[in-house]
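Student: Okay, predicted coordinates and the sequence, questions at the end:
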Amino acid sequence: MLRPLANRVYLALFSAQIVALLGTGLLTVALGLLAFDLAGDQAGAVLGTAYAIKMVAYVGIAPVAGAIVARLPRKAVLISADLIRAAMALFLPFIDAVWQIYVLIFVLQTASATFTPAFQATIPDILKDEKDYTQALSLSRLAYDLENLLSPALAGVLLLVISYNWLFMGTVFGFWASAVIVLFTAVPALGKPARVLPFRERLTRGSRIYLATPRLRGLLALNMGAAAAGAFVLVNTVVIVRAGYGASDGDVAYALAAFGGGSMLAALALPRLLEQMSERQVMIPASLFLATISLGVAGFLLLAGLPNWWAFLASWAVIGFFYSAVLTPSGRLLRNSAHAEDRPAIFAAQFALSHACWLVTYPLAGWLGGTLGMGWTMAILGAIALASTLVATRLWPREKSAEISHSHPDLPADHKHLKEHAAQGRVHAHVFVIDDEHRAWPTHG
């Protein structure tokens, strides 16, 4: 899995991702403590609103930002987004009203909604080999899981000697260090497009390609299933551990670490597994297992109450494993579903659409948990995960070959694309992606 790190450009960008993630993790801890200082017992409501604003920024801003910066130099876009995030974090220690949190979080997450899709779309241009790219996806998944494990621990150690306001300085440093690393890295430039697209087309191009591609429609359904199961764990673990088991804050960390540990195991196993199996053969069964296990745990909660502590941790680890198995290969699907010049747009579409799923499931998990209890909440979210999996199997048919036979009755005989495939004629086959010459997926061939 470490082979991609031999590429110096990827190593530099991966390092930038790590330091930025550590800064984000410190921000999460410090923001919770700031919210408690400002709102006391209403801190949960403040954080819930802040995270909802984060999701709204991700869903609404990513496609717009992607369209705006589509033709700007990648390095300038990445550095500017990092510097904006650092500037917003720098203001957070001086906040004295809840509304100021909301404003700064919106601006900060808007910058993240610009940075992340641009960053993700750059990696396939650095790692051309599919094996290397698959390993890089697993490394990225590991980085997110390690951030969830290490950042709270690092924050806890720092809080022994400094106040939480100084944690925001750690966030500033993380984003600043990321910008410096990118500055001194040879980030590959975007290729020149065949034509300059108007803003409106740049705005919708990513989602149009995404929703016209069967495998990506299936991916969207799988995103919803993973979000349903994941939201229950991330929103309600603290309630189950503290109120259900009467355990400590440290035990909450252990439960989330079990979920993250399962996710890391999947990330370690996936590169070799994806050498033998297609993405569909991995992701759809993983989603089915994820839904089935969620429904099984829900049934146990409804019929017998909480399992013993170790069984609970094991179930969280298993859910984390299949959650990661659903999400980690998605980058391969995106890379193989668009030309290089369209990848930033399609990664932005995935960023927005996947977070739209979380925008639904996060509040659903919290609201149902508070009104119906944990058993029924997990049953409903597990049912959503199962339904999403079944929808994905219909939307994403088995692909016999990447090359698909199709015709072009709408193109003139002297069109460049037809000339390229003159030997095959007007009906021909090649690796098929949605673009200007191929606006709809073939229903034959």
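Tutor: Yes, it's here.
Student: what's the following helix or strand after the host helix or strand of residue 206?
Tutor: Using DSSP states H and E, residue 206 maps to helix 199-212. With elements assigned by DSSP H and E, the helix or strand that comes after helix 199-212 is helix 214-239.
Student: Check which residues of that next one are buried.
Tutor: 215-238 (16 or more other C-beta atoms under 10 Å). C-beta here means a position set from N, CA and C on the backbone, and glycine is covered the same way.
Student: Could you list every helix and strand in contact with the helix or strand following it?
Tutor: Proceeding N to C from helix 214-239, the next assigned helix or strand is helix 249-276, under DSSP H and E. Packed against helix 249-276, as judged by 3 or more C-beta pairs under 8 Å, 6 or more residues apart in numbering; DSSP states H and E, are the following elements: helix 130-158, helix 214-239, helix 279-304, helix 309-327.
Student: okay, these, which one's buried deepest?
Tutor: Stretch with highest mean neighbour count among the helices and strands packed on helix 249-276: helix 214-239 (a mean of 24; mean count of other C-beta atoms under 10 Å).
Student: quick one: average pLDDT of it?
Tutor: The average pLDDT for helix 214-239 rounds to 91.
Student: just checking, what packs against it?
Tutor: helix 199-212, helix 249-276, helix 279-304, helix 309-327, helix 330-335, helix 343-372, helix 374-395.
Student: between the longest one and helix 309-327, how big is the angle?
Tutor: So the one you mean is helix 343-372. If you take axes from the mean of the first three to the mean of the last three C-alpha atoms, to 10 degrees, helix 343-372 sits at 150 degrees to helix 309-327.
Student: orientation of helix 343-372 relative to helix 214-239 in degrees?
Tutor: 40 degrees.
Student: same thing with the last one?
Tutor: Interaxial angle of helix 374-395 relative to helix 214-239 (the same axes, to 10 degrees): 170 degrees.
Student: burial measure for residue 53, as a count.
Tutor: For residue 53, the tally of surrounding residues (other C-beta atoms under 10 Å) stands at 18.
Student: What helix or strand is it located in?
Tutor: In the assignment (DSSP H and E), residue 53 maps to helix 43-68.
Student: and if you look at residue 404?
Tutor: For residue 404, the host element (DSSP H and E) is strand 403-407.
Student: Identify each buried residue in that strand, please.
Tutor: Counting neighbours by 16+ other C-beta under 10 Å, one finds that the buried residues in strand 403-407 are 404, 406.
Student: Could you name the helices and strands sitting against that strand?
Tutor: Judged by 3+ C-beta pairs under 8 Å, 6+ apart, strand 403-407 is in contact with strand 427-431.
Student: Please work out the average pLDDT along the strand it packs on.
Tutor: Mean pLDDT, computed over strand 427-431, is 70.
Student: ok, now stretch 265-277?
Tutor: In this model, stretch 265-277 has a mean pLDDT of 88.
Student: Other residues contacting it?
Tutor: 1, 131, 134-135, 137-139, 141-142, 145, 282, 286, 317, 320-325, 328-329, 332 (C-beta atoms under 8 Å, 6 or more residues apart in numbering).
Student: Work out the gap between the lengthiest helix in the chain and the centre of the chain.
Tutor: Longest helix in the chain, counting residues (DSSP state H): helix 8-39. The chain centroid and the centroid of helix 8-39 are separated by 16 Å under C-alpha atoms, centre = their mean, to the nearest Å.
Student: Who are the packing partners of it?
Tutor: For helix 8-39, the packing partners by 3+ C-beta pairs under 8 Å, 6+ apart come out as helix 43-68, helix 74-91, helix 98-126, helix 130-158, helix 165-183.
Student: I'd like those helices as CSV, with mean pLDDT and distance to residue 305 appended.
Tutor: Listed next are the helices and strands packed on helix 8-39 as CSV, based on pLDDT from 0 to 100; distance: least, C-beta to C-beta, whole Å:
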stretch, mean pLDDT, distance to residue 305
helix 43-68, 75, 25
helix 74-91, 91, 43
helix 98-126, 86, 37
helix 130-158, 73, 28
helix 165-183, 91, 38
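Student: Could you double-check that residue 287 lies in contact with residue 393?
Tutor: No. The pair residue 287 and residue 393 does not pass the contact test of C-beta atoms under 8 Å, sitting 9.2 Å apart.
Student: Walk me through the domains of this protein.
Tutor: 1-190, 200-399, 400-445 (automatic domain parsing).
Student: Give me the buried positions along the helix holding residue 53.
Tutor: Neighbour counts over helix 43-68 (16+ other C-beta under 10 Å) mark 43, 46-48, 50-67 as buried.
Student: Run the angle between that helix and helix 214-239 for me.
Tutor: Using the same axes, to 10 degrees: helix 43-68 against helix 214-239 is 160 degrees.
Student: residues contacting the spatially most central residue of the chain?
Tutor: In the chain, the residue lying closest to the centroid (C-alpha atoms, centre = their mean) is residue 351, at 6.3 Å. Counting by C-beta under 8 Å, 6+ apart, residue 351 makes contact with 58, 62, 113, 116-117, 120.
Student: any chance of the helices and strands packed on helix 214-239 in CSV, plus distance to residue 16?
Tutor: What follows is those, written out as CSV (distance: least, C-beta to C-beta, whole Å):
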stretch, distance to residue 16
helix 199-212, 24
helix 249-276, 19
helix 279-304, 27
helix 309-327, 21
helix 330-335, 17
helix 343-372, 17
helix 374-395, 33
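Student: do you know which of the ones you listed lies nearest residue 10?
Tutor: Ranking the helices and strands packed on helix 214-239 by distance to residue 10, with C-beta to C-beta as the measure, places helix 330-335 first at 13.4 Å.
Student: how far is that closest one from where the chain is centred?
Tutor: For helix 330-335, the distance to the chain centre is 12 Å (C-alpha atoms, centre = their mean).
Student: What helices and strands are in contact with that helix?
Tutor: So helix 330-335, by 3+ C-beta pairs under 8 Å, 6+ apart, packs with helix 98-126, helix 130-158, helix 214-239, helix 279-304, helix 343-372.
Student: repeat that with 6 Å
Tutor: Secondary-structure packing of helix 330-335 (3 or more C-beta pairs under 6 Å, 6 or more residues apart in numbering; DSSP states H and E): helix 214-239, helix 343-372.
Student: Reformat these as TSV; add distance to residue 100.
Tutor: Formatted as TSV, these follow (distance: least, C-beta to C-beta, whole Å):
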stretch	distance to residue 100
helix 214-239	25
helix 343-372	23
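Student: So for residue 84, which of these sits nearest?
Tutor: Comparing those under C-beta to C-beta, the one sitting nearest is helix 343-372, at 17.1 Å.
Student: That closest one to helix 98-126, inter-axis angle?
Tutor: Using the same axes, to 10 degrees: helix 343-372 against helix 98-126 is 140 degrees.
Student: Verify the stated contact: residue 313 with residue 258.
Tutor: Yes. Here residue 313 reaches residue 258: they are 4.3 Å apart, a contact under C-beta atoms under 6 Å.
Student: Thanks again, I'm all set now.
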